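[1] My questions are about this predicted structure, shown below with the sequence.
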Amino acid sequence: MTNSSTQHGGNILAVANQLGCPVADLLDMSSNLMPLPMVAGLRDTIIARLDEIAYLPETESGTLRDLFAARHRRAGNEVLVGNGTTDFIFAAPALAGLKRAVIVNPTYNDYRLACDWAGLPVTDFPLAAADDFHLDLARLANTMAGGELVFLCNPNNPSGGLIRSADLHAMIAAHPKTLFLVDESYLQFTREISLLNLEPLPNLLLLTSYSKIYGIPGLRLGFLTGAPERLTAISARNKPWGVNRVAQVAGEFLVTHGDAHVDAVLRYTDEHRPGFVAALAALPGIEVVNGVCNFILCRLTGDMRAGALRTAMLAHRIIIRDCANFTGLDDRYFRVCLKDPAGNRRCLEALRQILNPS
C-alpha cells in the first residue's frame, strides 16, 4: 500500500484503470505540466533514432551532459544527468558530514522521504498560510548553524511562491557552511533568471528538470549542477546506465532546440493564467493562494474537503491534486494547473457545479 505522504499528482494511468475509462477521457489538472503540445520535432527525432534502444545508453550521458554544460557555461564535471531530478533528491541527504536537513513547508514531499531514507534528521521551517506561504529568507538564515542541508523549491510546489534568484544567491553565498539544494523544476514557467546564470557557489546543488516544461515526465530526465567534489561524491553512488537511451536522445534535442517552446509556454502562461486564477477566485467557497507558476493552490472555505472534491471531480473525468498530504497544509487545500482554454473552462464549470449545485 502506498503511504499517503508519498503520493503525487499526475497518476493518470492508475486513475483511468480505477474508473475503467480511456486515458483520453481524463483531464489531468493534478500534474504541473506545460499546457502546450509536444515540442516541435521531438517526436520525429525519437522515432528516427528509436533503433538506438538496441544499444546500451551512454554510461554517464556524456554527450547530453556536455551539451547542457556548454549551454550554461559550466564545465562537464560540474553537471550530472539523472533519471529525473529524483535521483539527486535522494542522493543529497546521504552526503557525508551533514548534521540535519531543513525543509521549508509546505513543499514537495520527496525531500522529507529522501532524508528519512538516509537517516538524516529533519527540522521543519513552516510558512504561514496568512502570508500566502511567503518565504522570508532572513528568518530562514537565522536558523542556520552550519552542517545543514537546506531544501528550497523555487518556485515552490505547491504554493507557487517565488524568491528572486539574486536574493537567494546572496543568502547562499553568506552561509558557506550550509549546503543548499535548490530545485528549479518550475522556474522556466516564470521570467526569473536561473541560478545557472549566476556565479557558481561551492555550497549550492542546483536541480533542473526537463519533465514539466517540456511535458516528458514519463522519460525521467533531470540535471544536477554543483561543485565537482560534491558531484563526485554523488556520482560514486549512481547506478550505471541510470538514464535510458530514449531520454538521452530527447535531452540532446531539447538542449539545442527547446528555446522556442519555452518562449511559447511563457507567452501562453502570461496570457491565460490571470484569467484562470480570477475565475477560480470568483467561485464560491474557494480562496486562491497568491503564486506565479503554472499551477494554482486553492483553499476550500466551506464544508467540503479536498478529498471529497477530488472524488466529485472524478465523476466529471477531471483529476485535481488533493494537497492534504503536504506537511503544513490541511484537508481544505487542493491544486490545479493551467491547461488549454477548453480544459480550463471544463475544470471551472465542474467546480462551479460541485460547489454551487443550486
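    That came through, no problem.
[2] pretty sure P93 contacts L149?
    Yes. With contacts counted by Cβ atoms under 8 Å, P93 reaches L149, the gap being 6.2 Å. Just so you know, the C-beta spots here come from the backbone N, C-alpha and C atoms, and that holds for glycine as well.
[3] What segments of the stretch 251-358 of the chain are helices?
    Using DSSP state H, counting those that start in this stretch, the helices of the stretch 251-358 of the chain run over 259-282, 306-314, 341-355.
[4] how about the ones you listed in JSON lines, adding mean pLDDT?
    Converted to JSON lines, the helices of the stretch 251-358 of the chain look like this (pLDDT from 0 to 100):
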{"stretch": "helix 259-282", "mean pLDDT": "96"}
{"stretch": "helix 306-314", "mean pLDDT": "96"}
{"stretch": "helix 341-355", "mean pLDDT": "96"}
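[5] CSV for these, including distance to D183 and mean neighbour count?
    As requested, the helices of the stretch 251-358 of the chain are exported to CSV (distance: least, Cβ to Cβ, whole Å; neighbours: other Cβ atoms under 10 Å):
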stretch, distance to D183, mean neighbour count
helix 259-282, 18, 15
helix 306-314, 24, 17
helix 341-355, 26, 17
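[6] Give me the distance between A130 and A306.
    To A306, A130 is 19 Å away according to Cβ to Cβ, to the nearest Å.
[7] and what of I53?
    I53 is 41 Å from A306, by Cβ to Cβ.
[8] for I172, same thing?
    Note on I172: its distance to A306, by Cβ to Cβ, is 34 Å.
[9] Ok, Y108 next?
    Remark: distance between Y108 and A306 (Cβ to Cβ) = 18 Å.
[10] and if you look at A312?
    As judged by Cβ to Cβ, A312 and A306 stand 11 Å apart.
[11] again with K339
    Distance, K339 to A306, using Cβ to Cβ: 19 Å.
[12] got it, and L231?
    Distance of L231 to A306, computed by Cβ to Cβ: 39 Å.
[13] residue ranges with poor pLDDT in the protein?
    Scanning the chain for pLDDT under 70 picks out 1-10, 358.
[14] any chance you could map the strands in this protein?
    With strands called from DSSP state E, the chain shows them at 27-28, 79-82, 100-105, 122-126, 148-153, 179-183, 204-209, 222-225, 286-288, 295-300, 318-319, 321-322, 333-337.
[15] residues contacting the nearest residue to L280 once chain neighbours are set aside?
    In space, and not counting its chain neighbours, L280 is closest to V288: 5.4 Å by Cβ to Cβ, 6 or more residues apart in numbering. By Cβ atoms under 8 Å, 6 or more residues apart in numbering, the contact list for V288 reads 277, 280-281, 296-299.
[16] what do you get for V292?
    Contact analysis of V292 by Cβ under 8 Å, 6+ apart lists 155, 160-162, 190.
[17] run the last query once more with 10 Å
    V292 is in contact with 155-156, 159-162, 186, 189-192, 269, 273, counting by Cβ atoms under 10 Å, 6 or more residues apart in numbering.
[18] on that earlier part again, and the residue nearest to L280, how far is that from A282?
    According to Cβ to Cβ, V288 stands 10 Å off from A282.
[19] what's the answer for R352, then?
    Separation of R352 from A282 (Cβ to Cβ): 9 Å.
[20] Equivalent analysis for L33, please.
    25 Å.
[21] ok, now which ones touch the nearest residue to R191 once chain neighbours are set aside?
    Nearest residue to R191 in three dimensions, chain neighbours excluded: L266, at 6.5 Å (Cβ to Cβ, 6+ apart). Taking Cβ under 10 Å, 6+ apart, we find L266 in contact with 188-191, 213.
[22] Please work out how many residues are found near the nearest residue to R299 once chain neighbours are set aside.
    Leaving aside its sequence neighbours, R299 sits nearest to E287 (Cβ to Cβ, 6+ apart; 4.5 Å). When neighbours are defined as other Cβ atoms under 10 Å, E287 has 16 of them.
[23] check contacts around E287.
    129, 132, 280-281, 297-301, 332-333.
[24] Please tell me how far it sits from L266.
    27 Å.
[25] G302 now?
    According to Cβ to Cβ, G302 stands 35 Å off from L266.
[26] I figured S159 hits Y186, correct?
    No. Using Cβ atoms under 10 Å, S159 makes no contact with Y186, being 11.1 Å away.
[27] so what sits against both of those two?
    In terms of Cβ under 10 Å, 6+ apart, S159 and Y186 are both contacted by the residues 153, 291-293, 295.
[28] Now the buried members of the residues you listed.
    Neighbour-count burial (16 or more other Cβ atoms under 10 Å) applied to these gives 153, 291-293, 295.
[29] what domains does the record give for this protein?
    Listed by automatic domain parsing, the domain ranges of the chain are 4-39+260-355, 42-259.
[30] quick one, what contacts M313?
    Applying Cβ under 10 Å, 6+ apart to M313 gives the contacts 27, 29-30, 319-320, 322, 334, 336, 347, 350-351, 353-354.
[31] Save the residues you listed as JSON lines, and put in distance to T63 too.
    Converted to JSON lines, these look like this (distance: Cβ to Cβ, whole Å):
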{"residue": "L27", "distance to T63": "37"}
{"residue": "M29", "distance to T63": "36"}
{"residue": "S30", "distance to T63": "34"}
{"residue": "I319", "distance to T63": "36"}
{"residue": "I320", "distance to T63": "39"}
{"residue": "D322", "distance to T63": "41"}
{"residue": "F334", "distance to T63": "41"}
{"residue": "V336", "distance to T63": "38"}
{"residue": "C347", "distance to T63": "40"}
{"residue": "A350", "distance to T63": "45"}
{"residue": "L351", "distance to T63": "46"}
{"residue": "Q353", "distance to T63": "51"}
{"residue": "I354", "distance to T63": "49"}
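[32] Thank you, goodbye.
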